[in-house]
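Undergrad: Provided below for reference: sequence and predicted model.
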Amino acid sequence: MSQTTMIAAPTRLSQLLGRTDFASAIAPATRAVARYQRHLDVSLSSVMLHAGWLINYSYWVSLNITVRGLAISKSSLVRVTVAIARGAWLAWDSKAMRRLKGKLAFEFFTLMLTTGHHICVVLLWPGWWLFAICTSMVWLYLA
């Protein structure tokens, strides 16, 4: 007896269900996941692009605020320094300060012209600096 096999033209249903391996079984789910990942990629790239713009804008705003703050603080420092210098000069040149400077000068000259001259010479002798430097050099050398 001869065996004859009949070959039929494939139908659409047989094309879809022709292979029964694992890859063909999960193909619809894989396509859905790939489509979801594309949508997620587009939406996340848009979010990341906007976040990058926001970070760039924030950087330039903070840089601008810092530079302006530096300029303001510098000008304020100059103004405060000038105001303090003017106030110090007005205090130094006031009538009460001139009287006090005159009294201190009189006391100093009185001390220098009387017996206090020797005390001032000992205290204000410029050689003390030389003596202190030599002593500290010897101390550092021997220590």
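TA: Ah, there it is.

Undergrad: Lys74 and Ser43, how far apart?
TA: 47 Å (C-beta to C-beta, to the nearest Å). Placement of C-beta: from N, CA and C, glycine included.

Undergrad: Return the distance of the residue nearest the centre of the chain relative to Arg99.
TA: Central residue of the chain (C-alpha atoms, centre = their mean): Thr66, 10.0 Å from the mean position. Separation of Thr66 from Arg99 (C-beta to C-beta): 50 Å.

Undergrad: And the protein, split by domain according to the record?
TA: When the chain is parsed with automatic domain parsing, its domains come out as 24-93, 95-143.

Undergrad: after the longest helix anywhere in the chain, next one along is what?
TA: Assignment by DSSP state H gives helix 27-92 as the longest helix of the chain. Under the assignment DSSP states H and E, the closest C-terminal helix or strand after helix 27-92 is helix 95-113.

Undergrad: Can you give the contact residues for the helix or strand just after that next one?
TA: Using DSSP H and E, the helix or strand that follows helix 95-113 towards the C-terminus is helix 117-124. The contact list for helix 117-124 (C-beta atoms under 8 Å, 6 or more residues apart in numbering) reads Leu111, Met112.

Undergrad: next one: stretch 56-63
TA: Outside stretch 56-63, not a single residue reaches it (C-beta under 8 Å, 6+ apart).

Undergrad: Run the chain-centre distance for it.
TA: 14 Å (C-alpha atoms, centre = their mean, to the nearest Å).

Undergrad: What mean pLDDT does that stretch get?
TA: Mean pLDDT, stretch 56-63: 94.

Undergrad: could I have it exported to PDB, CA atoms only?
TA: Coordinates of each C-alpha in stretch 56-63 appear next as PDB, following Å, rounded to 0.1, in the frame of the first residue of the first chain:
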ATOM      1  CA  ASN A  56      21.100  74.700  33.000                       C
ATOM      2  CA  TYR A  57      18.700  77.600  33.700                       C
ATOM      3  CA  SER A  58      19.100  77.100  37.400                       C
ATOM      4  CA  TYR A  59      22.900  77.200  37.000                       C
ATOM      5  CA  TRP A  60      22.800  80.500  35.100                       C
ATOM      6  CA  VAL A  61      20.300  82.100  37.500                       C
ATOM      7  CA  SER A  62      22.500  81.100  40.500                       C
ATOM      8  CA  LEU A  63      25.600  82.400  38.800                       C
END
